[in-house]
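Q: my questions are about this predicted structure, shown below with the sequence.
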Amino acid sequence: MNWTIEVIVIPVSDVDRAKEFYHDKMGFNVDIDTQHGPSRIVQITPPGSGCSLTLMSSPEGAGGPGMSPGTLRGVQLVVADLKAAHAQLSERGVAVSDIQVFGPEGPRPYRDGDDLNNVGFCYFDDPDGNGWAIQQMADRS
């Protein structure tokens, strides 16, 4: 039996602001934007991803314990070209960290010529402070 991750709930304080950030700045697709009673559901998907994100201002409605906006950490995006992704986000106004390389000595700043595959990372926060990582993984083999 396969187990897949389908949706991750992102706790936000302002759904419109979050939708604008994830769509306009991150380039994610808006799949659903609908009102269900008192709750609004906005579901977005990163290009090429099989897992979507639901932006919620009251995550209790998702059937589990609520999370406060800005408390989600550690969700990781994977790209084939980290330098290109970093440049794209910077051009779109996303405050993204410098690229880091993780090696035997621990994390260090990227240096020209470094192989970033599987060991290159950068980080950003959404407007509420939910923290994300981006990793280069050009080949999963």
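A: Done, it's in.
Q: how far does stretch 11-23 sit from the chain's center?
A: Here stretch 11-23 is found 12 Å from its chain centre; the criterion is CA atoms, centre = their mean, to the nearest Å.
Q: how does the protein divide into domains?
A: Using the TED database, the domains assigned to the chain come out as 7-56, 75-136.
Q: can you pull up the bridge partners for Val9?
A: Thr54 (DSSP bridges).
Q: er, Gly120 actually
A: Val101.
Q: where's it relative to Leu72, distance?
A: 22 Å (CB to CB, to the nearest Å). Where you see a C-beta, it was placed from the backbone N, CA and C, and this is true even at glycine.
Q: swap in Val101?
A: Distance of Val101 to Leu72, computed by CB to CB: 25 Å.
Q: same question for the helix ranked longest in the chain: list its buried residues.
A: Counting residues, the longest helix in the chain under DSSP state H turns out to be helix 82-91. For helix 82-91, burial by neighbour count (16 or more other CB atoms under 10 Å) applies to 82, 85-86, 88-89.
Q: same check, this time on stretch 103-111
A: Buried, per 16+ other CB under 10 Å, within stretch 103-111: Tyr110.
Q: what about it, start to end distance?
A: 13 Å (CA to CA, to the nearest Å).
Q: swap in stretch 97-106?
A: With CA to CA, one end of stretch 97-106 sits 17 Å from the other.
Q: distance from the chain centre to that stretch, please.
A: Remark: stretch 97-106 is offset 19 Å from the chain centroid, using CA atoms, centre = their mean.
Q: for the record, mean pLDDT for that stretch?
A: Stretch 97-106 shows a mean pLDDT of 95.
Q: list the buried residues in stretch 24-38.
A: Neighbour-count burial for stretch 24-38 [16+ other CB under 10 Å]: 25-26, 28.
Q: do stretch 129-137 as well
A: Here stretch 129-137 shows 130, 132-137 as buried, counting by 16+ other CB under 10 Å.
Q: quick one, helices of this protein?
A: Using DSSP H, helices in the chain cover 15-20, 82-91.
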